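Asks: Sequence and predicted structure below; questions after.
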Amino acid sequence: MKFMKLGSKPDALQAEGKCVRYISSELVTDIIITVGEVKFYLHKFPLLSKSNRLQKLVSNANEENSDEIQLDDFPGGPKAFEICAKFCYGMMVTLNAYNVVAARCAAEYLEMTEHIDKGNLIFKIEVFLTSSIFRSWKDSIIVLQTTKSLLPWSEDLKIIGRCIDSIASKTSVEPANITWSYTYNRKLSELDKIVEDKMTPQEKIETVPKDWWVEDICELDIDLYKRVMITVKSKGRMDGVVIGEALKMYAVRWLPDSVDALVSDAHAWRNKSLVETIICLLPCDNGIGCSCSFLLKLLKVAILVEADDSSMEQLMKSIGRKLHEASVKDLMIPARFPQITKYDVDLAQDLLNRCMINIKGSCDTETEEKKDKANDESILGQRSLLNIAKLVDSYLGEIAYDPNLNLSSFIDLSLSIPESARPNHDGLYRAIDIYLKEHPSLTKTEKKQICGLMDVKKLTVDASMHAAQNDRLPLRVVVQVLYFEQVRAASNARALGNSPRNTSEALVNGSDECEKTGGESCQSLNNQMCHMKIKDEGYHKNGKLSKKSSSKNSRSGIQLLPSRSRRIFDKLWIVGKGQGENRSSETSGSSNSPTSVVPGDNKSSGSSLRHRRHSIS
């Protein structure tokens, strides 16, 4: 810490109790100056030779035949006046970062200017501030902290502004040129030590992080912190990521951990002001500076402290730009009255809509820049879409446990992202399954609605196996799953037999192959159903397999599906014979259903089946 010594005479100012100060001298004191609750018994001559204001006050007191002067609202109080009094007597005084502002404001009050005496107190303090304090990183911060109790004097004297400019300028210094101590590394090596240890400049750069300054300024009150950050940003030399780190550290430093402390009456206004200030300081660089996790946590706090609408809108915009980076845990924002759900689904929907608008805007910009590739989306935009889809499906899986979540909210949230963003529907299937389990009172129509969100062609093998045995799914959906798995298996087998491509390529292209050869795959399905029928001698008219036939099939090496899936296979087998009138009502509602392909070719498939049975028998 920098300091400056003034005067050379020994300190002769004595104390008598808490409220009396006097000069220990052979000369009798002839004036009493009261500052606050403290009375100073002093001599007129040394004071009047340095202070223009005291000259006027003493002159007025003489006219009233009084030897006592009252100094009301004296900046810095008795301690600051004591510094000025000692300076007038030539006694030794030490100025440092903790008392220099008070001394400067007191000297201004007493009008201790150069007009009264050459080298007066104001001049000396200004030299100290300019040459030492404002050149020191930590001293500037300490001085800035002391200015708050000395308003409006410190503001009028431009001490606050000069401190802020000094701090902001130092934050912009290249890390390689930083030689002063700071909180992250109090033992920063000096240049001579660098030479001694044979360290290269590059090694020195690596020892100083870009955000070396953020911890130190966290000690400032919110109003001063805001002014410092605004000045730092206005210089335009600070990386947005570092700005974001500074805001995050300040929030962690001052926002309480518990919800009760956050919304307590004693600190509610302060916390609200703090949150709104942090929001207004967020980097305006499309959200690059702050992580989405921090922004979502800040949103939770903003909701609790009831931040104003403009702050909420700004924060929501920032989150919308980065929602693709969020985690499900961060997005689980508790709902507030009068909402009946556990989590605020409407807020999540709003954030998702904003995110999709931003992604679409970035893709449109990319398309405009590449007119020769009008359908080409940016890689970044595509990756963002995929991340958003995973986030939404995971979020749906979490909120599906809520018994108060209505079906329309679930469906709307799922449909907020384009179909192309979901190359895989396993996550969506999981969420649908959980919702069906937690909401057993859904009607058949509602089950059909929610299952209509899912494309069984985009389920992995494991998910398809699970769906085929899932009693909560409508029968029509299970039929689609079984049918598509059969088609996919047949097309993969044919692709492996007719092409030198490896197995992985065939599996990747299985979905396309199945669409091209739906009729042939259906024929294969019917043939296999027929084989199952012939081998099942114990088949009953009600469609169930007897224990005898089950054991026989087991011995024959045929792997049977669970009971419900067997019943579905039985229905498919009957349809394959041309008995379309026996289909379940659940499987006959859509022309897009895989089962509708079978009755469309009754004659040819029936003829083929008859021929196949005759040849086997």
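Replies: Here it is on my side, so go on. Numbering: from 1, shown residues only.
Asks: switch to C-alpha atoms for all contacts and neighbour counts from now on
Replies: Fine.
Asks: What are the boundaries of the strands in the protein?
Replies: 3-6, 13-15, 20-23, 31-35, 38-42, 68-71, 93-96 (DSSP state E).
Asks: I'd like those laid out as TSV, including distance to D426, mean neighbour count and mean pLDDT.
Replies: As requested, those are exported to TSV (distance: least, CA to CA, whole Å; neighbours: other CA atoms under 10 Å; pLDDT from 0 to 100):
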stretch	distance to D426	mean neighbour count	mean pLDDT
strand 3-6	69	14	92
strand 13-15	82	15	89
strand 20-23	82	18	90
strand 31-35	78	20	93
strand 38-42	79	21	94
strand 68-71	79	16	91
strand 93-96	67	18	95
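Asks: Present those as a markdown table; the columns should include distance to T183.
Replies: Listed next are these as a markdown table, based on distance: least, CA to CA, whole Å:
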| stretch | distance to T183 |
| --- | --- |
| strand 3-6 | 21 |
| strand 13-15 | 38 |
| strand 20-23 | 40 |
| strand 31-35 | 38 |
| strand 38-42 | 39 |
| strand 68-71 | 41 |
| strand 93-96 | 20 |
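Asks: Between the ones you listed, which one is closest to L262.
Replies: Closest to L262 of those, according to CA to CA: strand 93-96, at 36.7 Å.
Asks: Tell me the gap between the closest one and the middle of its chain.
Replies: Remark: strand 93-96 is offset 46 Å from the chain centroid, using CA atoms, centre = their mean, to the nearest Å.
Asks: same for that strand, what does it pack against?
Replies: Secondary-structure packing of strand 93-96 (3 or more CA pairs under 8 Å, 6 or more residues apart in numbering; DSSP states H and E): strand 3-6, helix 77-89.
Asks: repeat that with 10 Å
Replies: Other elements packing on strand 93-96 under the criterion 3 or more CA pairs under 10 Å, 6 or more residues apart in numbering; DSSP states H and E are strand 3-6, helix 77-89, helix 100-109, helix 121-131, helix 137-146.
Asks: Among the strands of the chain, which comes closest to E111?
Replies: Here strand 68-71 is closest among these (CA to CA), at 13.3 Å.
Asks: Format the CA atom coordinates belonging to the closest one as CSV.
Replies: The C-alpha atoms that make up strand 68-71 are tabulated as CSV, following Å, rounded to 0.1, in the frame of the first residue of the first chain:
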residue,chain,number,x,y,z
GLU,A,68,-16.3,28.5,19.9
ILE,A,69,-17.0,27.4,16.3
GLN,A,70,-19.4,24.6,15.3
LEU,A,71,-18.6,22.7,12.1
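Asks: What strands flank it, and is each parallel or antiparallel?
Replies: The pairing partners recorded for strand 68-71 under DSSP bridges are strand 31-35 (parallel).
Asks: can you give me the angle the strand it pairs with makes with helix 77-89?
Replies: Using axes from the mean of the first three to the mean of the last three CA atoms, to 10 degrees, one finds that strand 31-35 and helix 77-89 are set 140 degrees apart in direction.
Asks: Other residues contacting strand 31-35?
Replies: By CA atoms under 10 Å, 6 or more residues apart in numbering, the list of residues contacting strand 31-35 from outside reads 19-22, 39-45, 47, 54, 58, 61, 66-82.
Asks: can you give me the helices in the stretch 351-500 of the chain?
Replies: Counting by DSSP state H, counting those that start in this stretch, the stretch 351-500 of the chain has helices at residues 379-399, 407-414, 426-438, 444-451, 461-468, 475-498.
Asks: Can you mark which positions in the third one are buried?
Replies: The neighbour-count criterion (16 or more other CA atoms under 10 Å) identifies 426-436, 438 as the buried residues of helix 426-438.
Asks: could those residues be laid out in CSV, adding pLDDT?
Replies: Formatted as CSV, these follow (pLDDT from 0 to 100):
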residue, pLDDT
D426, 94
G427, 94
L428, 95
Y429, 95
R430, 96
A431, 96
I432, 96
D433, 95
I434, 96
Y435, 96
L436, 95
E438, 95
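Asks: For D216, state which of those residues is nearest.
Replies: Out of the buried residues of helix 426-438, the member with the shortest distance to D216 (by CA to CA) is G427, at 45.0 Å.
Asks: ok, the residue lying closest to that closest one once chain neighbours are set aside to R430 distance?
Replies: Excluding the flanking residues, the one nearest G427 by CA to CA, 6 or more residues apart in numbering is D393, at 5.3 Å. Separation of D393 from R430 (CA to CA, to the nearest Å): 8 Å.
Asks: My guess is I279 contacts Q314. True?
Replies: Yes: taking contacts as CA atoms under 10 Å, I279 lies within contact range of Q314: 7.3 Å.
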